[in-house]
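S.K.: Provide a 3D model corresponding to the input given below.
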Amino acid sequence: MTRRPHRRAAVLLGVAAVALAACAAPVPQPSPAPVPAVAPPATTIAQSDNVLSDLGTVLAAGDTALDPALLTTRVAGPALAIRSAEYVRAQATANAKPPTVIPTKPQALILPQTTAWPRTQLVVTEQPDDLQAPRILVLLQNEPRDQYHLWGWGRMGPGIPMPPTATPETGSAVLAPDATGLLATPTDVLIQYCDVLTNGAASPYAATFAPDALRTGIEAARASTVAGVGTAGTATETYTPEPAPLTTLATVDGGAIVVGQLTTVSTVSLTAGGSIPILDPFYAVLTGKQSASSNLVRTFTDVVIIYVPPAGSTALMQVLAAEHAVTAVTAD
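M.R.: The predicted structure follows:
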């Protein structure tokens, strides 16, 4: 992964003059520019800087007012769902649990090498002032005239290095959801990771994924919930990938970075009577209740950014960054 250069070379634009022949001769028609063998990066460094500057301004306005309506010009998808829920949480807790810090100063850019849309670029941010882990921001442009939007973000795992990627000036190749030449196709990577979350060490794919903070946190929280319910009921969780990865960008070692969305549904059901107290003020606001008589269901929106080594490699697939956030709660 290449850090952004501090100096940027100016691009000199040459203008070709076309001489007109005599009046009787036809006017020459300009030849079309040759199509490059490799697509250029979809965004320049300067354009990415402008996107991040605008995003920072929009986030600051939304965070100050705790109003998701102020985010829609630059935030969409799971990022908007998570941020909207965070605003509810901040209001419910008198800002004791404020929105996640999202830095917009880049440490590195991973730009797509493409002439098509949608376009997705990744931004590795500088470390936040609160010394939490840097974030990987996922910026998406759906159509040529659309603004880039923050589609999602993930907190980088502690001590996990980024794989080597092409310079922003070159751009990284965009791979299809069913691309071969990797340890698993991008679509299969998300399916397999969900199986690991579900079955742990018993999953047939457990040995192909390195340990990561998201899995550790989910397993610990699940065990705590199961222990809390005890014999009074059941606690179950399901992990479902969205139909296809958002994007897959090639790395210079022949591997890829896969970005996708998962949905986690955590259900607590009573079987021995009684009720489930809803002590978290955030959950109480979302449900409008202080207790559940039979079921409490929490839905998490998850963003995962996974490095996938090339086929034949002995390296493991690794979650580079992830976000796991409650975006809905129901009680009945």
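
S.K.: which residues in the stretch 51-200 of the chain form strands?
M.R.: For the stretch 51-200 of the chain, strands defined by DSSP state E, counting those that start in this stretch occupy the ranges 106-110, 112-113, 119-125, 135-141, 149-156, 172-173.

S.K.: got those as TSV, with distance to residue 87 columns?
M.R.: For every residue, glycine as well, the C-beta is placed using N, CA and C. Formatted as TSV, these follow (distance: least, Cβ to Cβ, whole Å):
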stretch	distance to residue 87
strand 106-110	25
strand 112-113	31
strand 119-125	21
strand 135-141	18
strand 149-156	15
strand 172-173	33
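
S.K.: reformat the ones you listed as CSV; add mean pLDDT and distance to residue 45.
M.R.: Output for these, formatted as CSV (pLDDT from 0 to 100; distance: least, Cβ to Cβ, whole Å):
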stretch, mean pLDDT, distance to residue 45
strand 106-110, 96, 7
strand 112-113, 94, 14
strand 119-125, 97, 11
strand 135-141, 97, 13
strand 149-156, 98, 18
strand 172-173, 96, 14
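
S.K.: can you lay out the ones you listed as TSV showing distance to residue 234 and mean neighbour count?
M.R.: Converted to TSV, those look like this (distance: least, Cβ to Cβ, whole Å; neighbours: other Cβ atoms under 10 Å):
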stretch	distance to residue 234	mean neighbour count
strand 106-110	42	21
strand 112-113	44	20
strand 119-125	39	24
strand 135-141	35	24
strand 149-156	30	24
strand 172-173	45	22
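
S.K.: for these, which one sits closest to residue 73?
M.R.: Among these, the nearest to residue 73 by Cβ to Cβ is strand 149-156 (8.2 Å).

S.K.: give me the contacts around the closest one.
M.R.: Residues outside strand 149-156 that contact it (Cβ atoms under 8 Å, 6 or more residues apart in numbering) are 55, 59, 74-79, 82, 100, 102, 120, 124, 132-141, 213, 246, 259, 261, 303-305, 320-323.

S.K.: can we see that at 6 Å?
M.R.: For strand 149-156, contacts defined as Cβ atoms under 6 Å, 6 or more residues apart in numbering pick out 55, 74-79, 133-138, 140, 303, 305, 321-323.

S.K.: now do the buried residues in the longest helix seen in the chain.
M.R.: In the chain, with assignment by DSSP state H, the single longest helix is helix 45-65. Under the neighbour-count criterion of 16 or more other Cβ atoms under 10 Å, helix 45-65 has 45, 48-49, 51-52, 55, 58-59, 62-63 buried.

S.K.: which other helices and strands contact the helix or strand hosting residue 235?
M.R.: Using DSSP states H and E, residue 235 falls within strand 233-241. The contact analysis (3 or more Cβ pairs under 6 Å, 6 or more residues apart in numbering; DSSP states H and E) places strand 233-241 against helix 186-199, helix 213-229, strand 256-270.

S.K.: right, and the ones you listed - which one's nearest residue 111?
M.R.: Of the helices and strands packed on strand 233-241, nearest to residue 111 by Cβ to Cβ is strand 256-270, at 12.3 Å.

S.K.: now the closest residue to residue 142 other than its chain neighbours, what are its backbone angles?
M.R.: The shortest distance from residue 142 to any non-neighbouring residue, by Cβ to Cβ, 6 or more residues apart in numbering, is to residue 118 (4.9 Å). Main-chain torsions, residue 118, degrees, to the nearest 10: phi -60, psi 160.

S.K.: for residue 210, same thing?
M.R.: With angles defined as degrees, to the nearest 10, residue 210 sits at phi -70, psi 160.

S.K.: for residue 216, see how far away it is.
M.R.: 11 Å (Cβ to Cβ, to the nearest Å).

S.K.: check residue 254 too.
M.R.: From residue 254 to residue 216 the distance is 28 Å (Cβ to Cβ).

S.K.: how about residue 222?
M.R.: From residue 222 to residue 216 the distance is 11 Å (Cβ to Cβ).

S.K.: ok, now residue 179?
M.R.: Applying Cβ to Cβ to residue 179 and residue 216 gives a distance of 29 Å.

S.K.: neighbour count: the two, which is higher?
M.R.: More neighbours surround residue 179 than the other of residue 179 and residue 216, with 19 against 11 (other Cβ atoms under 10 Å).

S.K.: list the contacts of that one.
M.R.: Residue 179 neighbours (Cβ under 6 Å, 6+ apart): none.

S.K.: rerun at 8 Å
M.R.: With Cβ under 8 Å, 6+ apart, residue 179 has these contacts: 185-186, 248, 256.

S.K.: can you list those in a markdown table and add neighbour count?
M.R.: Converted to a markdown table, those look like this (neighbours: other Cβ atoms under 10 Å):
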| residue | neighbour count |
| --- | --- |
| 185 | 22 |
| 186 | 24 |
| 248 | 28 |
| 256 | 29 |
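
S.K.: okay, and the beta partners of the closest residue to residue 275 other than its chain neighbours?
M.R.: Nearest non-adjacent residue to residue 275, counting by Cβ to Cβ, 6+ apart: residue 291, 4.4 Å away. Counting by DSSP bridges, residue 291 forms beta bridges with residue 277.
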